[in-house]
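Novice: here are the coordinates; sequence isn't available:
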């Protein structure tokens with residue numbers, strides 16, 4: 001009887017080795033879905049099979065599901081922490097999830113396992129650059145070029161870092177070297193074009209993207225990238241055509257879906273925009289940017305914009321930010337300064353000031369003359385780099401509002417937040433943190449978009465609007481009171497956006 005039972009069990013157990021071989025064959029030949037099915041069948045019978053977990057994690061990452069990839073790969077690393085490939089895959093997934101400190105740690109572990117792994121230095125440089133650590137980023141990129149002097153990607157990374165540091169001639173030299181080594185290859189044109197796009201060189205970027213399309217007309221990435229450059233150049237009809245060409249080739253193209261959705265949202269075609277964001281979420285349910293924009297286009301008010309959304313938005317926007325504000329009648333920094341002086345008097349100097357969401361430093365520039373110490377913090381490393389150019393801050397940090405307020409008990413006289421709370425809906429914890437950082441009589445000055453109904457609402461733009469009734473109630477609950485309010489037009493973008501300049505004072 002036992003023999004018969006053992007025979008049935010053997011018949012029910014699949015050929016694990018055969019499934020792994022079949023999965024690897026599918027993977028080598030670009031059949032990712034079939035490969036994934038093989039490896040997941042292995043996991044159904046052997047949940048701790050490290051090879052299957054590793055491969056499923058790698059496939060999840062390639063499919064645009066970095067959070068799932070992290071979950072799977074974390075189960076592999078404790079046993080295979082000396083495997084450079086495993087550590088590198090986990091580092092890439094963590095980077096895509098915005099978990100930069102852990103990504104850096106695993107890239108360093110990757111390099112400890114494989115010191116000659118040149119491309120890992122490039123990824124490490126990317127992670128340091130995302131954190132705003134220019135020196136560490138340059139060291140990593142230089143090591144990449146040293147180990148792989150003939151790899152155009154090494155010079156693309158270095159060029160990005162140099163543009164980020166405003167060493168533009170050095171950046172151009174590095175990117176020119178990348179193009180020389182790439183010899184017109186589509187992927188190199190796309191990489192260099194993306195760096196130029198980030199740096200504000202829209203026409204040059206478009207030219208490279210169009211070169212990539214001519215070289216590989218059946219690849220979606222070139223069309224989607226051309227669409228983005230056209231979009232930023234204000235050629236929205238041509239941009240839409242390019243996005244749709246990309247989607248005709250690859251209906252799951254994340255770049256095309258995201259930016260077509262944004263373009264349609266800008267045209268107030270909210271149902272069509274929502275459809276784009278829904279398709280993005282079908283591919284990657286953890287995409288914070290798509291989830292936020294879907295909520296915005298469908299009228300679903302959330303508590304705040306995800307940090308990942310804000311970071312990406314302003315990293316992309318940094319090189320065009322000041323120029324754009326100059327076209328939309330934007331005067332918030334000066335209005336905040338005037339409001340503070342109206343409340344505190346024009347003779348008071350030597351403030352200890354924290355500029356929340358400092359951006360490129362527009363508020364810091366007008367507040368410098370009032371400050372004994374001026375600190376700025378922003379989620380976007382590219383914005384911080386721009387703020388550093390102004391040379392008005394005593395310290396600048398890449399981080400969140402919570403990071404900025406941590407350990408600041410009664411250490412500040414004034415907190416300013418110009419167009420920051422437009423990315424935060426629920427303000428109770430923020431105002432409580434600000435109150436804790438201020439002594440009695442300390443001030444918080446900020447701008448908001450105005451809402452006529454309810455407490456706050458998420459608008460189709462992806463920004464939040466707040467009612468003054470909500471501000472007054474939330475301020476009171478946090479130990480502050482409204483001492484100044486000015487009703488204004490925040491900007492014309494392209495229609496007038498109504499808002500308020502508000503100053504709160506901490507009560508005794």
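Specialist: Noted; the coordinates are in hand. Since this is a predicted model, take the numbers as computed values, not measurements.

Novice: and this protein, what are its domains?
Specialist: 1-115, 184-300, 318-506 (automatic domain parsing).

Novice: how far off centre is the first one?
Specialist: Offset of domain 1-115 from its chain centre (CA atoms, centre = their mean, to the nearest Å): 27 Å.

Novice: cool, stretch 130-141 as well?
Specialist: On CA atoms, centre = their mean, the centre of stretch 130-141 falls 17 Å from that of its chain.

Novice: what's the mean pLDDT across that stretch?
Specialist: Mean pLDDT, stretch 130-141: 92.

Novice: coming back round to it: redo the domains of the chain as a markdown table? Include distance to residue 122, mean pLDDT and mean neighbour count.
Specialist: In short, each C-beta sits where N, CA and C put it, glycine included. A markdown table is the format used below for those (distance: least, CB to CB, whole Å; pLDDT from 0 to 100; neighbours: other CB atoms under 10 Å):
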| stretch | distance to residue 122 | mean pLDDT | mean neighbour count |
| --- | --- | --- | --- |
| domain 1-115 | 10 | 88 | 17 |
| domain 184-300 | 11 | 94 | 20 |
| domain 318-506 | 17 | 91 | 19 |
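
Novice: looking at the ones you listed, spot the one closest to residue 159.
Specialist: Ranking those by proximity to residue 159 (CB to CB) places domain 184-300 first, at 5.4 Å.

Novice: for the closest residue to residue 55 other than its chain neighbours, give its distance to residue 79.
Specialist: The shortest distance from residue 55 to any non-neighbouring residue, by CB to CB, 6 or more residues apart in numbering, is to residue 39 (4.8 Å). According to CB to CB, to the nearest Å, residue 39 stands 17 Å off from residue 79.

Novice: again with residue 391
Specialist: Distance, residue 391 to residue 79, by CB to CB: 50 Å.

Novice: try residue 85
Specialist: According to CB to CB, residue 85 and residue 79 sit 14 Å apart.

Novice: now name the helix or strand holding the residue nearest to the spatial centre of the chain.
Specialist: For the chain, the residue nearest the mean C-alpha position is residue 312 (2.8 Å; CA atoms, centre = their mean). Using DSSP states H and E, the element containing residue 312 is helix 307-317.

Novice: show residues contacting that helix.
Specialist: By CB atoms under 8 Å, 6 or more residues apart in numbering, the surrounding residues in contact with helix 307-317 are 98, 198, 288-289, 292-293, 321, 324, 359, 378-383, 400, 423, 462.

Novice: for stretch 137-146, same thing?
Specialist: 118-119, 121-122, 124-126, 128-129, 151, 154-155, 157-158, 161, 165.

Novice: run the chain-centre distance for it.
Specialist: Relative to its parent chain, stretch 137-146 has a centroid offset of 23 Å by CA atoms, centre = their mean.

Novice: buried ones in that stretch?
Specialist: 137-138, 140-145 (16 or more other CB atoms under 10 Å).

Novice: separation between the residue nearest to residue 232 when sequence neighbours are not counted and residue 470?
Specialist: Distances taken as CB to CB, 6+ apart place residue 202 nearest to residue 232, at 5.5 Å, with adjacent residues excluded. Distance, residue 202 to residue 470, by CB to CB: 39 Å.

Novice: make sure residue 353 is indeed in a strand.
Specialist: Yes: applying DSSP: H, G, I helix; E, B strand; the rest coil, one finds residue 353 inside a strand.

Novice: show me what it is bridged to.
Specialist: With DSSP bridges applied, residue 353 shows beta-bridge pairing to residue 374, residue 414.

Novice: helix, strand or coil for the spatially closest residue to residue 368 that is not a sequence neighbour?
Specialist: Nearest residue to residue 368 in three dimensions, chain neighbours excluded: residue 392, at 4.4 Å (CB to CB, 6+ apart). On the three-state scheme (three-state DSSP), residue 392 is labelled coil.

Novice: list the contacts of residue 392.
Specialist: Contacts of residue 392 by CB under 8 Å, 6+ apart are 361, 364-365, 368, 374.

Novice: so which of these is the closest to residue 180?
Specialist: Nearest to residue 180 out of the contacts of residue 392 is residue 361 (CB to CB; 36.4 Å).

Novice: and that closest one, how far is that from residue 467?
Specialist: Distance from residue 361 to residue 467, by CB to CB: 30 Å.

Novice: next: residue 181.
Specialist: From residue 181 to residue 467 the distance is 57 Å (CB to CB).

Novice: parallel or antiparallel, which strands does the top strand by length along the chain pair with?
Specialist: Longest strand in the chain, counting residues (DSSP state E): strand 480-492. When pairing is defined by DSSP bridges, strand 480-492 lines up against strand 496-506 (antiparallel).

Novice: what is the helix or strand hosting residue 44 packed up against?
Specialist: Using DSSP H and E, residue 44 sits in helix 32-45. Secondary structure elements in contact with helix 32-45, counted by 3 or more CB pairs under 8 Å, 6 or more residues apart in numbering; DSSP states H and E, are helix 16-28, helix 50-62.

Novice: columns distance to residue 475 on top of those helices, output as CSV?
Specialist: Formatted as CSV, the helices and strands packed on helix 32-45 follow (distance: least, CB to CB, whole Å):
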stretch, distance to residue 475
helix 16-28, 57
helix 50-62, 44
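
Novice: residue 409 is nearest to which of these?
Specialist: With CB to CB, the closest approach to residue 409 among the helices and strands packed on helix 32-45 belongs to helix 50-62: 41.6 Å.

Novice: now do the closest one: which elements does it pack against?
Specialist: Packing contacts for helix 50-62, counted by 3+ CB pairs under 8 Å, 6+ apart, involve helix 16-28, helix 32-45, helix 66-74, helix 84-96.

Novice: let's see that with 6 Å instead.
Specialist: In terms of contacts (3 or more CB pairs under 6 Å, 6 or more residues apart in numbering; DSSP states H and E), helix 50-62 is packed against helix 32-45, helix 66-74, helix 84-96.

Novice: how far away is the residue nearest to residue 55 from residue 20?
Specialist: Distance from residue 39 to residue 20, by CB to CB: 7 Å.

Novice: that older thread, from what I see, the residue nearest to residue 55 and residue 21 are in contact.
Specialist: No: with contact defined as CB atoms under 6 Å, residue 39 and residue 21 do not form a contacting pair (11.3 Å).

Novice: from the contacts of residue 392, pick the one nearest residue 60.
Specialist: Using CB to CB, residue 361 comes nearest to residue 60 of these, at 39.4 Å.

Novice: what about that closest one, distance to residue 396?
Specialist: From residue 361 over to residue 396 the distance is 8 Å, taken as CB to CB.

Novice: give me the common contacts of the two.
Specialist: residue 387 (CB atoms under 6 Å, 6 or more residues apart in numbering).
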